[in-house]
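Provided below are the primary sequence and the corresponding predicted coordinates.
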Amino acid sequence: MQYDQIVLRYGDLTMKGRNRNIFERKMLNQVKHKLRSYENLTYWHTFGRLYVILNGTEHEPVIARLKDIFGLVSLSPVISCKPDLAEIEATALQLMHAQPNPPRTFKVSVKRAWKKFPHDSQEMCHLIGAPVLRQFPELSVDVKKPELELRIDIQQEAAYIFCEVIPTAGGFPFGSNGKAMLLLSGGIDSPVAGYMALRKGLEIEAVHFHSYPYTSQQAKDKVIELAKRLSYYSGAPLKLHMVSFTEIQTTLAQSKQNHLLITLMRRAMLRITERLALKHGAKGIVTGESLGQVASQTLSSMNVIGRAASLPLIKPLIMMDKQEIIDIAEKIGTYETSILPYEDCCTLFIPKAPSTNPNLRVVEGQEAAIANLEEMLEQAIETTEVLLLSPDSVTAAEAAGEDNWF
């Protein structure tokens, strides 16, 4: 079937009121960027809709690229015609004849957005349904659960006839809700949190803490692959900040409060991430925490750890079960990479009995007893290596000073 347009429908953008035009412009730019390799396509938009005019381009590969764009709730390949009864009837019959698997039941659904069209929606259902039944005598009408729904959208500029409504990613366009830093480990949870942050319109920069020589090149490569996958969904290059955590981690591990090691590590990570956020214009920190999943993710632990930062902590997974998180990881293509057996710094020096109910006063006292903690935090920031990632490439965005990995 040769469709001539694809209609794209916005999701939560419909609630944006006076700011809606800004979001719609972002949406148009994102779609154009995603389809930039197709030279024949043209675009136009109206209230709540964006149209991709195919100009002879096959619709299926275009739809495949559009399905993962955040901000779109659904799309449909359509045939357009003049908003005229005879034209609509002829086009509807053409579409029915082109179905690869002829249905046994159908119904007609009509949306008459152009109120000056001479026939209302209910009348149009009969005016189109009758000739379809005459040409396809084996068909019957089922208004509750039809095998095929023949849809007609009558606008002033044209009528659009289609059968498919294909779900897409939903959410908001990339960067439309600001920028945040993502704490990206090599595990299952944090890439899913990054995906969900992107879906809600956040631009993200990832921060990963490594402890060379205790962590390997494979662990670094694993995180890079996860970040590259996230850059696919963002539709833009993604910065990955590789922070050397070796000195801080080994110093904390020498403390006499071994059961507080995870709490102390997490607080140090948050401090570094917050300073990187302020340096790079981010206004929040995204984490992959899920309530009760590990010792550092009890409510008491998260309270003590979270007090190390003043920026908002965004936790998309906080009330999700592990299987729910795994299901999303499999869907977005990060799960197989996340389960590769290469350790990150968070799995090193783990105490046998980490505290699930740390005391804030004790934790702050332990930090105050580390004389050069502030200097180590600043040194970690100054020696951070920044990589600029896209799905098919890795480039060094900023040098890491003298503290290169290898």
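Done, it's in.

isn't Ser296 up against Arg266?
Yes - taking CB atoms under 8 Å as the contact criterion, Ser296 and Arg266 are neighbours in contact, 5.7 Å apart. For the C-beta atoms, the positions are set from N, CA and C on the backbone; glycine is no exception.

the two: which is more packed in?
When neighbours are counted by other CB atoms under 10 Å, Ser296 and Arg266 differ, and Arg266 comes out ahead with 22 against 19.

what residues does stretch 102-109 touch?
Defining contact as CB atoms under 8 Å, 6 or more residues apart in numbering, one finds that stretch 102-109 is touched by 92, 124-125, 128-129, 132, 136, 138-143, 145-152.

send the alpha carbons of it over as PDB?
Included here for stretch 102-109 are C-alpha records, laid out as PDB according to Å, rounded to 0.1, in the frame of the first residue of the first chain:
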ATOM      1  CA  PRO A 102      -8.800  -9.300   4.400                       C
ATOM      2  CA  PRO A 103     -10.700  -9.000   7.700                       C
ATOM      3  CA  ARG A 104     -14.000 -10.700   8.500                       C
ATOM      4  CA  THR A 105     -15.300  -7.900  10.600                       C
ATOM      5  CA  PHE A 106     -14.900  -4.100  10.500                       C
ATOM      6  CA  LYS A 107     -16.300  -0.800  11.600                       C
ATOM      7  CA  VAL A 108     -16.000   2.800  10.400                       C
ATOM      8  CA  SER A 109     -14.900   5.500  12.800                       C
END
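
number the residues from 37 up from this point.
All right, first residue 37 from here; so that's stretch 138-145.

which positions in it come out as buried?
For stretch 138-145, the neighbour count (16 or more other CB atoms under 10 Å) marks Pro139, Phe142, Lys143, Val144 as buried.

and what of stretch 361-381?
So stretch 361-381, judged by 16+ other CB under 10 Å, has buried residues Ile361, Ile362, Ile364, Ala365, Ile368, Thr370, Tyr371, Thr373, Ser374, Tyr378, Asp380, Cys381.

and the fifth one, what does it touch?
Residues in contact with Ile368, defined by CB under 8 Å, 6+ apart, are Pro227, Val228, Tyr231, Arg265, Tyr269.

before we move on, the earlier item: closest one of the buried residues of stretch 138-145 to Pro119?
Closest approach between the buried residues of stretch 138-145 and Pro119, by CB to CB: Val144, at 16.1 Å.

dig out what that closest one forms beta bridges with.
In this structure, Val144 bridges to Leu186 when assessed by DSSP bridges.

tell me the secondary structure at Val279.
Reducing the assignment to helix, strand or coil with DSSP: H, G, I helix; E, B strand; the rest coil, the entry for Val279 is strand.

so who does it touch?
With contacts defined as CB under 8 Å, 6+ apart, Val279 is in contact with Val243, His244, Phe245, His246, Ile308, Leu312, Ala416, Ile417, Thr420.

adding neighbour count, distance to Phe83 and pLDDT, write the residues you listed out as CSV.
Compiled in CSV, the contacts of Val279 are given as follows (neighbours: other CB atoms under 10 Å; distance: CB to CB, whole Å; pLDDT from 0 to 100):
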residue, neighbour count, distance to Phe83, pLDDT
Val243, 27, 40, 98
His244, 27, 43, 96
Phe245, 27, 46, 95
His246, 22, 49, 91
Ile308, 25, 45, 98
Leu312, 21, 40, 98
Ala416, 23, 50, 96
Ile417, 17, 47, 97
Thr420, 22, 45, 97
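
hmm, back to that, nearest to Glu200, of the buried residues of stretch 361-381?
Within these, the smallest distance to Glu200 is 23.1 Å, found for Ile368 (CB to CB).

and the pLDDT for Cys381?
Cys381 is assigned a predicted lDDT (pLDDT) of 61.

now swap in Ala331 and tell me
On pLDDT, Ala331 comes in at 78.

then Ala389?
The confidence metric pLDDT takes the value 75 at Ala389.

now do the same contact list for it.
Shown here is Ala389, whose contacts under the criterion CB under 8 Å, 6+ apart are His295.

now do the SS call for it.
Three-state secondary structure (criterion: three-state DSSP) places Ala389 in coil.

gap between it and Arg397?
Remark: distance between Ala389 and Arg397 (CB to CB, to the nearest Å) = 20 Å.

same check on Gly207?
The spacing between Gly207 and Arg397, counted by CB to CB, is 41 Å.
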